[in-house]
Every structure is written in structure tokens, then in C-alpha cells.
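**Q** for reference, the sequence and a predicted model appear below.
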Amino acid sequence: MAALFSDSKWLLFAVVLLLAIAQASMETDNEIKEAPKIAAPAPLVGAAAPPVRAPAPPTGAPAPPINCKTGCGERCKLHSRPNVCMRACGTCCARCKCVPPGQSGNREVCGSCYTDWKTHNNQTKCP
């Protein structure tokens, strides 16, 4: 029998057998670790019921429309170049659906769409 199997073949056979046993053992452990889901306990008799909350609005609900002309008019009324400001503001409002409050600043209120949009010269597009 020793002539039938050389030492390297026997060693290879033993390693493959051990790996197969280890893998089967790990699969069995994973099945054991998964505990069945248990339902929440029933409330105690006479205990106060949890408050009832109104259902949340649907997440896909469209935002109310914004009047870009009015918002941009307020934003650009003190600008040194009101026509250029109105054109850029109108474009940003149409895309980002927001006009920041006040005549300047507060751009972060409208989020990254408004703050990160750049011109070809890498300047901020939205006033």
C-alpha cells in the first residue's frame, strides 16, 4: 500500500480532506447561529398604549412649485448687474428648485446643487 501512494500524494489528499471538513463545519455553524425571529411581546393588560402618530407624507411627493421670477427679483434687486444676475438666478432656480433668501449669501440653504454649480471659468454660477 505504501508503494501505491507516495508521501506527497498522501499529504495532498489529507489537506484536501481537512479543507472539505472545515468548510462543511463552517456552513453548519452559520446555520446554527441564525436564530429564528421572535415576534414582539404583547402589551401588558392595563398598560398605556403607545401614542398614535399621523402617517408620514409620501417620500416621492413633489415639492411645491417655486416662483423663480419673484425670488430672483428679490435676490438681484441690489446687484450691480441686475439683468445678468436675473438670468443666472433664473437658470439656477429652474434647475435646483430653490432661491436663497436675501440679496447675497445664504447659498448653502439651497444645498449642493446651488453651491457647486460652476461656470466655464470655475466661478460659482448661482448668485
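**A** Nice, thanks for sending it over.
**Q** where does this protein have low pLDDT?
**A** 1-6, 26-64 (pLDDT under 70).
**Q** 80 - rerun?
**A** 1-14, 16-20, 22-65 (pLDDT under 80).
**Q** quick one: the helices in it?
**A** 7-33, 68-76, 82-96, 112-116 (DSSP state H).
**Q** what are the buried residues along the third one?
**A** It stands for helix 82-96. Applying a neighbour-count criterion of 16 or more other CB atoms under 10 Å, one finds Cys85, Met86, Ala88, Cys89, Gly90, Cys92, Cys93, Cys96 buried in helix 82-96. (C-beta placed from N, C-alpha, C; glycine too.)
**Q** output that helix as PDB, nothing but the C-alphas.
**A** Output of helix 82-96 as PDB, limited to C-alpha atoms (Å, rounded to 0.1, in the frame of the first residue of the first chain):
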ATOM      1  CA  PRO A  82     -29.300  93.000 -12.300                       C
ATOM      2  CA  ASN A  83     -30.000  91.600 -15.800                       C
ATOM      3  CA  VAL A  84     -27.000  89.200 -15.600                       C
ATOM      4  CA  CYS A  85     -28.000  88.300 -12.100                       C
ATOM      5  CA  MET A  86     -31.600  87.600 -13.100                       C
ATOM      6  CA  ARG A  87     -30.500  85.300 -16.000                       C
ATOM      7  CA  ALA A  88     -28.100  83.300 -13.800                       C
ATOM      8  CA  CYS A  89     -30.500  83.100 -10.900                       C
ATOM      9  CA  GLY A  90     -33.400  82.000 -13.100                       C
ATOM     10  CA  THR A  91     -31.300  79.200 -14.600                       C
ATOM     11  CA  CYS A  92     -30.200  78.100 -11.100                       C
ATOM     12  CA  CYS A  93     -33.700  78.300  -9.800                       C
ATOM     13  CA  ALA A  94     -35.100  76.200 -12.600                       C
ATOM     14  CA  ARG A  95     -32.500  73.500 -12.100                       C
ATOM     15  CA  CYS A  96     -32.200  73.500  -8.300                       C
END
